[in-house]
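>>> Need a 3D model of the sequence below.
(chains A and B)
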Amino acid sequence: MLLDALTLQLGYNATLVAVGATLLGISAGVTGTFLFLRKRALVSDAISHATLPGVGLAFIVMVLLGGDGRSLPGLMLGSALSAWVGLLAVQWLTERTRLAEDAAIGSVLSVFFGFGIVLLTVIQNMSSGRQAGLEGFLLGSTAGMLFSEAAIIAAGGALSLALVLLLRRPMTMVAFDPGFSASAGIDLRRIDLAMMGLVLAVTVVGLKIVGLILIVALLIIPPVTARFWTNRTDGVVALSGLIGGVSGYVGAAISASAPALPTGPIIVLVAFALFALSLLGSPQRGVLAAWTRHRAFQRRVHLRQGLLALASGQPIYEKLTLRLLQRADLVRPDGVATEAGQARAEKALLDETRWDVLRRSASLEGTAAFYDGLTRIEDVVTPDQLDEIDAAIAAGAEASS
Amino acid sequence: MSGAEFVPLSLTPLLIGIFAAIACALPGNFLVLRRQALIGDAISHVVLPGIVVAFLTTGVIATAPMMLGAAGAAVVAVILIEAIRRLGRIEPGAAMGVVFTAMFAAGVLLLEQSDTSGVHLDVEHALFGNLESLIWLDATGWSSLFDPAALAGLPPELPRIALALLGVALFIGFFWRPLKISTFDEGFAATQGIATGALGIALVIVSAVAAVAAFDAVGSIIVIAMFICPPAAARMMTNRLERQIGWSIFFATIAAILGYVLAGYGPLWLGFGNSVSAAGMIATVAGLILAVAAVFGPCRARIGAPQGG
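Take a look at the predicted model:
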């Protein structure tokens, strides 16, 4: 069943939804990257909640004009307008009053959402009496999607994607160094507004599929996930788009494969699963990789300290150190060093003595910064310098004897 | 309007609304000053999976397990946000966004998967609450306030939210000085021997308790709006924390009363038959108050605020 869904064999509507969700995921992932890099991820939360009063007002206006209140283009236009007002309100509160951005976001999202709920109850009471079904915009509803609606979603997704690619240079610059980009002649305010406009476009396009409460997830989770795998902006943008697209596609397919699996939440959970995998398994920034690196470092420190203790003939009591030395065949079970162990211990001691000299030498001061108790001295000084150090050690030994 | 009509139908929802608004606005003052305003937003989203899990494990709609589930979910969310922020080195806003959307999605999915058709549990109810339905049927008039038999029939949400309000007020009163010092100057507070980390977590937990208690009665919109709007409006009015808290209580009360009255009677005045969502209207009024304060408040600007305000 799931395989059928993944290969688009489940019929017309499921295919429409899958294609729409994929395009939406790609454009949301790409757009969200710049929002994430600019550290304003949660502004999208305010924008998406602020769409609700627009949906309600658009419905009321369309019914009053004698039309069908449920026409998607009209509702999308209304939601875009009210989200724009909400965005301007956030900007105004942050710039003109003493409120921090988080308070501005929170107040705008709750007030607009509350007003939207008031409008929904007004619509329920309206004499037209028909079931408006506007609640579907809260969590998305893909059942019975029309081809025209899917076409609008596809076109909107493609358009916002094209705009992002067009604006990616200035948006990257603004995200990394606002001061420099301003001095390079980029209008910060305009780029920020353009970025928010793109977020708004993605939100409005996504209303039908994932709903306004969860569209934030598609803007935030893919870039955060992509950031685990690469340090290059272009890489994050591409990967984030890919993750968004895969989440949309797989999510829509899973949701079509069985009843009672709402599309929006499934898409979000697929994205979250990808995030969790990356958090654990990414080779550079992942939790597992960090833990392995930590363990390797710990082993090296223990081994080194154990060898130094062997060299100076001190007994070793630390259990982990003993185990590591035994496993490397450097000591016998009774704690006495093997031949190999003695050789390694002497080498470690020599290394340590050389470092000692190096740290006291004025001419090698800069190199002394590399000392961390683990780095081999041969790796940081030239053979000539090493000879110098050995000469100093020999001279020191003669002087003391 | 006579007492015979007002007391049973409007008194209890009004009181619950006011108590919920104040219980959220009080910790909200500190959250806004600490730039943690969106904690309220995150908590009110993650409460949903907590309640659904509590319902699925116990099988009944009972208050105690649901409150426990909601509080548990809030704690899990806070821990997850912190873990993701530290382990993944992700900025706090994005970490929050990842966690609360995923948990909310899980809650919706669980709700759709489980058979809840026979009980009153759905997403819309969780979002909007149902303030209007919390009526006191046993009351006959003002005299019922002194009648033990009628008092026994009070909606249980009222004593619960009153208790939560009391707890929040006690917490803030008891830890007033440490809270105030650590909110404005965390480093100085630490040198004075205040456990700033523990206090910060305690504040979040108290906020979560207030949010869950209020959520139970009035839905999550009011919770988010009341955490932020009254304190933010109060911040425009004064530079002193004591007065800010006073203003925020005042604004929260006004928003609750005006919102409830407008939702209940506004449509009637305009000639429509039915009332509109009280929770939504209260949030809307709170937003209007904030808008007025942001335009006219004496201390609205970030710099050049009048001295000694």
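>>> So which residues make contact with the helix or strand of chain A with the lowest mean pLDDT?
In chain A, no helix or strand scores lower on mean pLDDT, DSSP states H and E than helix A:2-6, which sits at a mean of 71. The contact list for helix A:2-6 (Cβ atoms under 8 Å, 6 or more residues apart in numbering or on different chains) reads A:10, A:14, A:18, A:249-250, A:252-254, A:256-257. The C-beta positions use only the backbone N, C-alpha and C, and glycine is treated the same way.
>>> can you rerun that using 10 Å?
A:9-11, A:14-15, A:17-18, A:249-250, A:252-258 (Cβ atoms under 10 Å, 6 or more residues apart in numbering or on different chains).
>>> do the same with stretch A:336-350
Contacts of stretch A:336-350 (Cβ under 10 Å, 6+ apart): A:303-313, A:316, A:325-326, A:328-332, A:376-377, A:390, A:393.
>>> Give the buried residues for that stretch.
Within stretch A:336-350, the residues that count as buried by 16 or more other Cβ atoms under 10 Å in any protein chain shown are A:337-338, A:341-342, A:344-345, A:348.
>>> Which two among these are spaced furthest apart?
A:Thr338 and A:Ala348 (14.7 Å; Cβ to Cβ).
>>> Grab the most central residue of chain A for me.
The C-alpha lying nearest the average C-alpha coordinate of chain A belongs to A:Val224 (Cα atoms, centre = their mean; 0.7 Å).
>>> right, and the secondary structure at the nearest residue to that one once chain neighbours are set aside would be what?
Closest residue to A:Val224 apart from its sequence neighbours, by Cβ to Cβ, 6 or more residues apart in numbering or on different chains: B:Ala94 at 5.2 Å. Following DSSP: H, G, I helix; E, B strand; the rest coil, B:Ala94 is assigned to helix.
>>> And the helix or strand containing A:Met195, what's buried?
Element membership for A:Met195, per DSSP states H and E: helix A:188-206. Judged by neighbour count (16+ other Cβ under 10 Å), helix A:188-206 contains these buried residues: A:191-206.
>>> what do you get for stretch A:116-124?
Of the residues in stretch A:116-124, those buried (16+ other Cβ under 10 Å) are A:116-123.
>>> and chain B, which of those residues contact it?
The residues of the buried residues of stretch A:116-124 that also fall near chain B, by Cβ under 10 Å from any Cβ of the partner chain, are A:116-123.
>>> and the buried residues of stretch A:336-350 as TSV, adding secondary structure and pLDDT?
Output for the buried residues of stretch A:336-350, formatted as TSV (DSSP: H, G, I helix; E, B strand; the rest coil; pLDDT from 0 to 100):
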residue	secondary structure	pLDDT
A:Ala337	strand	82
A:Thr338	coil	85
A:Gly341	helix	87
A:Gln342	helix	88
A:Arg344	helix	88
A:Ala345	helix	89
A:Ala348	helix	88
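>>> Looking at those, spot the one nearest chain B.
A:Ala348 (34.2 Å; Cβ to the nearest Cβ).
>>> coming back round to it: okay, and which of the contacts of stretch A:336-350 map to helices?
The members of the contacts of stretch A:336-350 that map onto helices under DSSP state H are A:303-311, A:325-326, A:390, A:393.
>>> Quick check on these: which are buried?
A:303-304, A:306-311, A:325-326.
>>> Distance to chain B for these - can I get that in CSV?
Converted to CSV, those look like this (distance: Cβ to the nearest Cβ, whole Å):
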residue, distance to chain B
A:Leu303, 27
A:Arg304, 28
A:Gly306, 31
A:Leu307, 33
A:Leu308, 34
A:Ala309, 34
A:Leu310, 37
A:Ala311, 39
A:Leu325, 32
A:Gln326, 33
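>>> how about a markdown table for the residues you listed, with pLDDT added?
What follows is these, written out as a markdown table (pLDDT from 0 to 100):
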| residue | pLDDT |
| --- | --- |
| A:Leu303 | 89 |
| A:Arg304 | 89 |
| A:Gly306 | 88 |
| A:Leu307 | 88 |
| A:Leu308 | 88 |
| A:Ala309 | 88 |
| A:Leu310 | 86 |
| A:Ala311 | 86 |
| A:Leu325 | 87 |
| A:Gln326 | 87 |
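>>> My guess is B:Phe175 contacts B:Leu203. True?
Yes. With contact defined as Cβ atoms under 10 Å, B:Phe175 counts as touching B:Leu203 (8.5 Å).
>>> Show me the common contact partners of these two, please.
Joint contacts of B:Phe175 and B:Leu203 (Cβ under 10 Å, 6+ apart) are B:Ser182.
>>> Just want to know which of these two has more residues nearby.
B:Leu203 (22 against 16; other Cβ atoms under 10 Å in any protein chain shown).
>>> quick one: contacts for the residue nearest to A:Val224?
Going by Cβ under 10 Å, 6+ apart, the list of residues near B:Ala94 reads A:32, A:35-36, A:39-42, A:219-221, A:223-224, A:227, B:84-85, B:88.
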